[in-house]
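Visitor: Sequence and predicted structure, then a few things I'm wondering about:
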Amino acid sequence: MTKKRSLFSRVVEACAGSKPGTWIILNIASRFDPLWLRATHGRFSASNLLGFSALLLTSVGAKTGLPRSTALVFSRDGDRLVILASKGGMTTYPGWYHNLKAHPEAEVLLDGHSRTYTSYEAIGEECERLWAMACENYSGYAVYQKRAGDRHIPIMVLTPHPEQNGSHR
């Protein structure tokens with residue numbers, strides 16, 4: 001079942017999936033979104049203007065051990081958050097993916113709350129289901145996968161720590 005999209009949404013997705021649009025997202029919007037997300041406590045980002053939900057992921061650097069923050073578009077799967085290491089279809093993985101593989105715990109700022117999550121990479125049937133869900137939310141992921149060539153786009157699942165009271169619902 002395909003989600004019915006407005007003309008505006010279809011145009012935004014086409015632009016974002018294009019090479020120039022991807023360049024703008026990776027090199028310009030990615031600089032401002034963390035600032036906006038921090039300033040609004042995870043309630044607003046440029047992605048919201050385009051109809052997508054964004055979060056601020058703070059992970060520990062795989063090589064440096066220092067905190068690294070990245071604004072990412074995400075999908076919800078129940079109380080879990082789903083992020084794709086697409087990097088706009090580049091042939092290399094984004095830094096945050098390496099960070100989560102080395103240090104699975106991360107902080108997420110979203111909807112006015114900061115909460116600790118544990119991440120893992122989806123595989124098999126779960127990966128296929130989450131890929132379909134993510135593509136339903138943003139059709140550009142299919143374009144990114146073609147552009148990435150042989151590089152599989154990993155899907156990372158963020159599961160909230162149960163002992164925390166913060167909510168991202």
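Guide: Yep, that arrived. Residues are numbered from 1 along each chain as shown.
Visitor: which stretches of this structure form helices?
Guide: Counting by DSSP state H, one finds helices in the chain at the ranges 7-17, 19-24, 30-39, 46-49, 95-102, 124-137, 140-148.
Visitor: Ok, which of the ones you listed comes nearest residue 117?
Guide: Closest approach to residue 117 among the helices of the chain (CB to CB): helix 95-102, 9.6 Å. To be clear about C-beta, it is placed using only N, CA and C from the backbone, and glycine gets the same treatment.
Visitor: Least confident secondary structure element in the protein?
Guide: helix 7-17 (a mean of 67; mean pLDDT, DSSP states H and E).
Visitor: show me where pLDDT drops low in this structure?
Guide: 1-13, 15-17, 22, 24-30, 164-169 (pLDDT under 70).
Visitor: Buried residues of the longest strand along it, list them for me.
Guide: Ranked by residue count and defined by DSSP state E, the top strand of the chain is strand 113-121. Under the neighbour-count criterion of 16 or more other CB atoms under 10 Å, strand 113-121 has 113, 115, 117, 119 buried.
Visitor: what is the orientation angle of it with helix 124-137?
Guide: 130 degrees (axes from the mean of the first three to the mean of the last three CA atoms, to 10 degrees).
Visitor: got the contact list for strand 113-121?
Guide: 41-42, 81, 100-101, 104-108, 154-161, 164, 166-168 (CB atoms under 8 Å, 6 or more residues apart in numbering).
Visitor: CA-only coordinates of that strand in CSV, if you can.
Guide: Extracted in CSV, the C-alpha atoms of strand 113-121 (Å, rounded to 0.1, in the frame of the first residue of the first chain):
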residue,chain,number,x,y,z
HIS,A,113,13.2,15.2,25.6
SER,A,114,16.7,13.7,25.7
ARG,A,115,16.8,10.0,26.2
THR,A,116,19.4,7.2,26.0
TYR,A,117,19.0,4.5,23.4
THR,A,118,20.8,1.3,22.5
SER,A,119,21.3,0.7,18.8
TYR,A,120,21.6,-2.4,16.7
GLU,A,121,21.7,-3.1,13.0
